[in-house]
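> Generate coordinates for the sequence data below:
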Amino acid sequence: MRQDNLSKILETWSITVACMHFDILKEIDIIACPCFPAPLQLLCCGLFPCAPVAPSLAVDLRVLEFVCLLFVCQSPNQTAWCDAVETFLDGMGYKLSCKNNLHRCFGNAFHWYQVLTIMARNHISTLITDIRKDQACPPPINQPSEYLCSRCLLCFGGNTHHGSDLHSIPDTIICIDAYFTQKHSTNPHGADSINPPNPTPTFFPSDNNVKAMEDFVQSCHGERCRVWVSRAEGDKDHYEGMRVPVSVLNRCGESFVAADEKREKASTHVFTDTGLMALLCRHDCVLWLANLTSAGEKQHYALALLDCLFKHLPPWMTIGLLYDIGCQLKQSCRKWKLLDDNTLSRISFAVAVFHVYGHQWPCQIIYHPRKREGFGLSDGEGCERLWSSLKQLIPSLQVSGFHQHLFILNVQIRHLDTKSIQGYGHWLHRRWIHCQTKKNVALDSLLDLDIDEDMLRAQWKVQIAHQTRPTPHKSLRQSRNKAAEVITTILVLEKTLDAYETSVCELEMQLNVGSVSNIAELNLQLSDARSRHAKTADTLQRLRLNAHAVKICIWDHLHQCKFELYRLERLYRATINEHKIRASTQYSIKRREPGILKLLRSLIHQQRAPPSAVPPHPIIHKGIFLLDVDDEIWQDIGLDEDSINPPAWLLDEATRSSIRLQLEVDRCVKEETRLMQEQTIMQEWMSAEWEAIQTVLRDAADDIVVSFHMRARADELLHICVVWKKKVQDIPCTWPVKSWDQYEDDDESVGEQEESDEDSDLAYYEVGDDELMDAIEEVALADEYRYQDEDIDDDVEDTFMPSLPTKSSLKKRCCMYNTDTLT
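Coordinates of the predicted model:
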């Protein structure tokens, strides 16, 4: 035994390490041995090594932490950073003389520092989660998984998950979208040499799961193709389970590039990964990401993400899915049996708010989140905000290694998670104020109109049934006529109608006067004239259909212009083609609409149209490209056969306005319900998290490392609690929960520990629930001036997120070593 110890003592070696600080670059000599290796000695000095055995470079931990924060706020460019640091230190007289260049050594140290910090934080979170599960009363059964609870506490957190009392409200709302700008090159130059493995947890499902879903979708298409053809022959414009006609769904599919799986959006010869598809909750928290490897946006990626979600959900939980082509995804799931009936019954499909304007009007009535029950004021555009947050990564990720590509995305998402959890209080406060404002305005307008609510709901159901009915094939063929032929036919028929009207009047006058010798012949002439006059009703019907065809053309132009204007806003530039399309659309509206409206109104005023005929609403040219969901451009007033003896929703403007206002009130009420649930879950989570941290601190009193991290987590939680309490205290709770102020009345002690003379710090594990509010008030004093100006602007600035709070340690617990040689 003594010989073994002696041999270990003799196994020492000297290592020269270059140490990088903020303002200095120096070399130190380390005497390393198996009992006290070089990396451990460097960490004791506050330095992180670039290698586990014989490091040539060590970086100050503060420098690494600064670079971590810098690279989540801008494009992570280690080469530029290292070149700038080396040039700066060289100008100060410091020269790096290690074997490898600074870029390679710093990259290794930076990567593994990030890995260790992520794994340490995950370990601390696991300790807290285990304690929360043990403290839960009753134990959680059939609850969302721990993974989902860690992703979004407002959607899946709380001691117990309370399902929605109303069946029309989904338990949680998610959104899906694809992004074909985050690509990864097939053969990035030099990426294989800088592509360390990624041992940290990832947000990407395994490639095997995605491949298995792709094979399943292909097998469904092959097996059920004949079944679908035979079932479609009976009713060509309707399919079981779909409230929108097939013809409307087909036009929606033609309007969207995302619905065309064969459309090549990125070359698979140049890029291994052509894009990303994300699954987010309504609070913009990433649940899963999928790497796209195909040229188009195939449906199996979305189905693979949904499959991951349902594996982590209890069987009773329902979701509301917002997707750009939600109507197409639902049709495919029913058409090809891609999801079983049980899973499909738990999904409420809808279309994201912006993209819904590219869909046909019948599709908007069913799938618009402002018209569909259960979605409240959720917009489904969280993925767009995520893509905006990740856009600075596009240049570097295209040429990075595969593992590094995924690792950087995971790090960026964790940074966004930190910002999100700090901003939950601001988010709820902002949404609550916005919801109350919209609700009060709508209620005041409804009060002025004074129309019975039951009648409005009945009329809305009638409107849905009318505007989503299957389209006759005759009208489909008729809608393809040209606008010029419509106007020509209208002018000819107008003259013919006048001649028939005059002839009928003369014959009736002769018959009434009795100055006719042959009454039988006169009756024949009168019957013939009346039959010809009756045929003019068909001309009015054809007029409506052709006018409707013209309006469909205008819709198509508006859809195209809307998306072009959206690209204009995102790219901050305009092209000549976009201006031409917009000008052409405006000219088309101005040229065609007045003639159609004038003719229809003249027919009605001259009593040549059927009784109770309703003319189409005039389309206001100003602001037409704003394309609000309830604009008159979308209404088919007076362009169909049911305009004779029209219902109130079609004839009465006050009824139509009241229906829109009532729908807005309903969405605000649903949003209120969901916000109250989320605020209650927030308080439950805060109470459970604080109690779990205190329990871990008491149990790990002898573990210095765990105690240090728990104190840091408790300090962070105090800062978050200050902001949350200030922002959400006016939002009522859905079910009884411990309020923010009741912490002061809890006299339970959390634990005690004897303090030595060298360290008389107040330990967090000695702080009971009765002292939590006192600690919060002390932290609030430091943040008083920091947040007082934010209260004025946070209701105006929707993109506001609070910055990372500065941790206020009770005492600095670090040692500085200034020696040049360690032995």
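> So Pro170, which state does it fall into?
coil (DSSP: H, G, I helix; E, B strand; the rest coil).
> for Asp284, what are its contacts?
382, 385-386, 416, 420 (C-beta atoms under 8 Å, 6 or more residues apart in numbering). Glycine gets a C-beta too; all of them are placed from N, C-alpha and C.
> Please report which of those residues has the highest neighbour count.
Gly382 (25 neighbours; other C-beta atoms under 10 Å).
> Report whether the expected contact of that one with Arg282 is present.
Yes: if you go by C-beta atoms under 8 Å, Gly382 and Arg282 touch, sitting 6.8 Å apart.
> Identify the contacts common to the two.
Joint contacts of Gly382 and Arg282 (C-beta under 8 Å, 6+ apart) are Cys175.
> tell me which element Asp177 falls in.
strand 172-179 (DSSP states H and E).
> ok, residues contacting the helix or strand following that strand?
Later in the chain than strand 172-179, the nearest helix or strand by DSSP H and E is strand 184-185. Strand 184-185 has contacts (C-beta under 8 Å, 6+ apart) with 191, 270-273, 291, 397-400, 402, 405.
> The next helix or strand after strand 184-185 - what's its average pLDDT?
Using DSSP H and E, the next helix or strand after strand 184-185 towards the C-terminus is helix 207-223. Mean pLDDT, helix 207-223: 90.
> now swap in stretch 101-110 and tell me
Mean predicted confidence for stretch 101-110 is 87.
> Equivalent analysis for stretch 244-263, please.
Rounded mean pLDDT across stretch 244-263 is 75.
> of all the contacts of Asp284, which comes closest to Ala278?
Leu386 (5.8 Å; C-beta to C-beta).
> ok, that closest one to Leu456 distance?
Leu386 sits 38 Å away from Leu456 when distances are taken as C-beta to C-beta, to the nearest Å.
> do the same with Glu678
29 Å.
> In strands, which of the contacts of strand 184-185 fall?
Secondary structure from DSSP state E places 271-273, 291 of these in strands.
> where are the low-confidence patches of the stretch 51-200 of the chain?
Judged by pLDDT under 70, the stretch 51-200 of the chain has its weakly predicted residues at 97-100, 137-141, 158-168, 187-194.
> So for Glu678 and Leu456, which sits in the more crowded spot?
A direct count of neighbours by other C-beta under 10 Å for Glu678 and Leu456 places Glu678 higher, at 25 against 22.
> So the more buried one is in contact with Arg431, correct?
No: judged on C-beta under 8 Å, Glu678 makes no contact with Arg431 at a distance of 9.1 Å.
> can you list the weak-confidence ranges in the stretch 701-823 of the chain?
Filtered on pLDDT under 70, the stretch 701-823 of the chain yields the residue ranges 741-823.
> can you rerun that using 90?
701-702, 718, 722, 729, 734-823 (pLDDT under 90).
> in the host helix or strand of His300, what's buried?
Under the criterion of DSSP H and E, His300 resides in helix 299-311. Of the residues in helix 299-311, those buried by neighbour count under the rule 16 or more other C-beta atoms under 10 Å are 299-310.
> Just the angle for it relative to helix 207-223, thanks.
120 degrees (axes from the mean of the first three to the mean of the last three C-alpha atoms, to 10 degrees).
> after helix 299-311 comes which helix or strand?
Scanning onward from helix 299-311 (DSSP H and E), the first element met is strand 319-323.
> about what we covered before: could you dump the contacts of Asp284 into TSV and include pLDDT and secondary structure?
Formatted as TSV, those follow (pLDDT from 0 to 100; DSSP: H, G, I helix; E, B strand; the rest coil):
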residue	pLDDT	secondary structure
Gly382	93	helix
Arg385	94	helix
Leu386	95	helix
Leu416	95	helix
Ser420	93	helix
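> Quick check: of the contacts of strand 184-185, which has the highest neighbour count?
Of these, with other C-beta under 10 Å as the count, His405 tops at 26 neighbours.
> Tell me who's in contact with that one.
Applying C-beta under 8 Å, 6+ apart, we find His405 in contact with 184, 273, 397.
> next one: Ile659
456, 459-460, 463, 649.
> The same query, at a cut-off of 7 Å, please.
By C-beta atoms under 7 Å, 6 or more residues apart in numbering, the contact set of Ile659 is 456, 459-460, 649.
> now those residues as a markdown table including distance to Phe180?
Below are the contacts of Ile659 laid out as a markdown table (distance: C-beta to C-beta, whole Å):
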| residue | distance to Phe180 |
| --- | --- |
| Leu456 | 43 |
| Gln459 | 43 |
| Trp460 | 38 |
| Trp649 | 41 |
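> quick one: the helices in the stretch 301-450 of the chain?
Secondary structure of the stretch 301-450 of the chain by DSSP state H, counting those that start in this stretch: the helices cover 326-336, 341-345, 361-367, 382-390, 394-398, 402-449.
> Could you work out which of the ones you listed reaches nearest to Asn142?
helix 341-345 (15.1 Å).
> Put the alpha carbons of the closest one into PDB.
C-alpha atoms of helix 341-345 as PDB (Å, rounded to 0.1, in the frame of the first residue of the first chain):
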ATOM      1  CA  ASP A 341     -60.500   8.100 -34.100                       C
ATOM      2  CA  ASN A 342     -59.700   8.500 -30.300                       C
ATOM      3  CA  THR A 343     -56.700  10.800 -31.000                       C
ATOM      4  CA  LEU A 344     -58.500  12.700 -33.700                       C
ATOM      5  CA  SER A 345     -61.400  13.400 -31.400                       C
END
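> And the average pLDDT for that helix is what?
The model assigns helix 341-345 a mean pLDDT of 92.
> ok, and what's touching that helix?
310, 333.
> please begin residue numbering at 36 from this point
Yep, numbering from 36; the last one is helix 376-380 now.
> Regarding the closest residue to Lys61 other than its chain neighbours, what is its secondary structure?
Nearest residue to Lys61 in three dimensions, chain neighbours excluded: Cys54, at 5.5 Å (C-beta to C-beta, 6 or more residues apart in numbering). Using three-state DSSP, the structure places Cys54 in strand.
> from memory Cys54 sits against Leu96, does it?
No: counting by C-beta atoms under 7 Å, Cys54 does not reach Leu96; the two are 11.5 Å apart.
> Now do the shared contacts for the two.
Common neighbours of Cys54 and Leu96 (C-beta under 7 Å, 6+ apart) are Leu82.
> now the strands: where do they sit in this structure?
Counting by DSSP E, the strands of the chain are 48-55, 60-67, 82-84, 92-95, 207-214, 219-220, 306-308, 310-316, 321-327, 354-358, 382-385, 856-857.
> between those strands, which gets nearest to Gln366?
strand 382-385 (9.5 Å).
> Which strands or helices does the closest one pack on?
Applying 3 or more C-beta pairs under 7 Å, 6 or more residues apart in numbering; DSSP states H and E, one finds that strand 382-385 contacts strand 354-358, helix 361-371.
> Check the ones you listed for me: which has the lowest mean pLDDT.
helix 361-371 (a mean of 92).
> Tell me the helices and strands packed up against it.
helix 281-290, helix 334-346, strand 382-385, helix 396-402.
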